[in-house]
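[1] Need coordinates for the below:
(chains A, B and C)
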Amino acid sequence: MPELPEVETVARDLRGLVVGARVSGVRVGWLRTLRSGDVEAFERAVVGRTIVETSRRAKLVVLELDGGAGPDGVPMPDDGLVITIHLKMTGQLFVVRAGAPEDPYIRLVLAFEDGRELRFRDIRKFGRIGLAWRDPVSGDLRGELGGGRTFKGFGPEPLDPGFTARAFARRLRLRRGRLKPLLMDQSFLAGVGNIYADEALWAARLHPLRSAASLRPGQPSRLYRELRRILGEAVERRGSSIDDYTAPEGDGEMQERLLVYQRAGEPCPRCSRPLRRIVVGGRSTHFCSWCQRLPPADRSGAASILRSMEPRPGRAAAGPRTGPSWTELGGATRRAAATRRALARASQAG
DNA sequence: CAACCGACCTGTTCGC
DNA sequence: TGCGAACAGGTCGGTT
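    Below is the predicted model of the structure:
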């Protein structure tokens, strides 16, 4: 669930909690949480080093480390080593005192010399923690220590002041795919996931199945503008608290401002026609088929997807289930999620 | 290059 | 009431 705004919030919250903390030990509860799978190598690399900054790149939380100390206690030069944390869907980070009670979902712990711990909690075990390097020239993340895969190149940061509408349009011109998967392609643009892709496309009045090549003048800059506006507001509001997302210093409130995500069947805030849900690239996609038109050229390839669209009037009596009824479940789901988050926080509070 | 699928995981919710 | 299927979705690797 965490996308750019949520990960940014976690990185910012952590800054005040872990900058200056020196790593004294590592505890691994689920081996595959470590990208390299090599606990000893990870320990050797990070124990004795101090976290000097926290940041975000794409959907990665980045903990920047100093050079640590050599055998004789002499400070070692900064080699740009960083710890990378990908929360994937259910990852959470907490800072607590050592010995605080913990539940069975703690997958990795960084112990600090001051008696506190950074705990990575992840119900579904998809999250990954690794080691990488900050390239002194480009400033971007490089490689992976310990035999893990290298990061594929991340695209530009949508909120980077240097990322202009012109640069976005230029990038768009190089691609031919559909807009929704394109926005979520981390090598095209960094940090956008399912929620904010849907919101931005609706705000820009562009159909998720629209091909990038079919955009008319003015549309790329509109998409650029809406995407930045929504991501910016979401960062201000500390992200959307949906399902398992929570930040070290508390939930966000952007979920109250989401206009189409998980709102299939509800009236479109712009035209009042019912919002639709389709599956694109295996992911739920929410849009308004009136406000977000598909040009004839894009229709043939999209026909099979659009045929499975819901909600369908009068499908209650018979026929296969085509998907959950978000309209009726949204509230209950969100309440359950809030309860889950509260429990998670309580179990980490110590 | 683009699209799609299965794998990775567990908890929740749904239909029967 | 219980049971199994569907679903949530970020990313990677493989195939078409």
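
[2] can we go C-alpha only for contacts and neighbour counts from here?
    Noted.

[3] Stretch A:302-310 - what's its average pLDDT?
    Stretch A:302-310 carries an average pLDDT of 72.

[4] Distance-wise, check the residue located most distally from the centre of chain A relative to DNA strand B.
    Here chain A reaches farthest from its C-alpha mean at A:D72, the gap being 41.4 Å by Cα atoms, centre = their mean. According to Cα to the nearest atom of the strand, to the nearest Å, A:D72 and DNA strand B sit 40 Å apart.

[5] Give me the three-state assignment for that residue.
    Using DSSP: H, G, I helix; E, B strand; the rest coil, the secondary structure recorded for A:D72 is coil.

[6] check contacts around it.
    Contacts for A:D72 (Cα atoms under 8 Å, 6 or more residues apart in numbering) come out as none.

[7] Wondering if stretch A:243-256 reaches DNA strand B at all.
    No: Stretch A:243-256 stays clear of DNA strand B (Cα under 7 Å from any atom of the strand), getting no nearer than 8.6 Å.

[8] Quote the end-to-end distance of that stretch.
    With Cα to Cα, to the nearest Å as the measure, stretch A:243-256 spans 14 Å from end to end.

[9] How far away from the center of its chain is it?
    Put simply, stretch A:243-256 sits 12 Å off its chain's centre (Cα atoms, centre = their mean, to the nearest Å).

[10] Pull out the buried positions in it.
    By 16 or more other Cα atoms under 10 Å, the buried positions in stretch A:243-256 come out as A:243-255.

[11] Let me know the closest of those residues to DNA strand B.
    Lowest distance from DNA strand B to these (Cα to the nearest atom of the strand) belongs to A:D243, with 8.6 Å.

[12] Quick check, pLDDT for the closest one.
    79.

[13] what's the distance between it and A:L4?
    With distances taken as Cα to Cα, A:D243 is found 16 Å from A:L4.

[14] and the nearest residue to A:P5 once chain neighbours are set aside, how many neighbours?
    Residue nearest to A:P5 in three dimensions, not counting chain neighbours: A:V235, with 4.5 Å by Cα to Cα, 6 or more residues apart in numbering. The local packing of A:V235 (other Cα atoms under 10 Å) involves 19 other residues.

[15] circling back to that earlier point, would you turn the buried residues of stretch A:243-256 into CSV with distance to A:L172 and secondary structure?
    Putting those into CSV (distance: Cα to Cα, whole Å; DSSP: H, G, I helix; E, B strand; the rest coil) gives the following:
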residue, distance to A:L172, secondary structure
A:D243, 32, coil
A:D244, 33, coil
A:Y245, 31, coil
A:T246, 33, coil
A:A247, 33, coil
A:P248, 36, coil
A:E249, 37, coil
A:G250, 36, coil
A:D251, 34, coil
A:G252, 31, coil
A:E253, 31, coil
A:M254, 27, helix
A:Q255, 28, helix
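
[16] Can you list the neighbours in contact with the strand or helix carrying A:R170?
    Per DSSP states H and E: A:R170 is located in helix A:165-173. Helix A:165-173 is touched from outside by A:188, A:212-213, A:220-221, A:224-225, with contacts defined as Cα under 8 Å, 6+ apart.

[17] Just the buried ones from the residues you listed?
    Applying 16+ other Cα under 10 Å to the contacts of helix A:165-173, the neighbour count classes A:188, A:212, A:220-221, A:224-225 as buried.

[18] Among those residues, name the ones in strands.
    Assignment to strands by DSSP state E places none of the buried ones among the contacts of helix A:165-173 there.

[19] DNA strand C: which of the residues you listed is nearest?
    Distances from DNA strand C to the buried ones among the contacts of helix A:165-173, taken by Cα to the nearest atom of the strand, are shortest for A:F188, at 10.8 Å.

[20] Give me the below-cutoff pLDDT ranges for chain A.
    In the predicted model of chain A, residues A:144-152, A:308-350 satisfy pLDDT under 70.

[21] For the stretch 201-350 of chain A, which segments are assigned as helices?
    Using DSSP state H, counting those that start in this stretch, the helices assigned to the stretch 201-350 of chain A run over residues A:219-236, A:296-307, A:326-349.

[22] Any figure for the gap between A:V52 and A:R97?
    Computed with Cα to Cα, the distance linking A:V52 and A:R97 is 20 Å.

[23] Likewise for A:P71?
    According to Cα to Cα, A:P71 stands 28 Å off from A:R97.

[24] cool, A:P269 as well?
    Taken as Cα to Cα, the span from A:P269 to A:R97 is 46 Å.

[25] Please apply the same query to A:R32.
    Here the criterion is Cα to Cα. By it, A:R32 lies 25 Å from A:R97.

[26] Repeat that for A:V82.
    For A:V82, the distance to A:R97 equals 23 Å [Cα to Cα].

[27] With neighbour numbers in mind, choose between those two.
    A:V82 (27 against 17).

[28] Now the more buried one: closest residue in space that isn't a chain neighbour?
    Counting by Cα to Cα, 6+ apart, A:E64 is the residue found nearest to A:V82 once chain neighbours are left out, at 4.5 Å.

[29] Surely that neighbour is within a strand?
    Yes: the assignment for A:E64 is a strand, going by three-state DSSP.

[30] and it, what does it touch?
    Applying Cα under 8 Å, 6+ apart, we find A:E64 in contact with A:51-55, A:80-83.

[31] Quickly list the domain ranges of chain A.
    Per the record, chain A has its domains at A:4-153, A:165-343, by automatic domain parsing.
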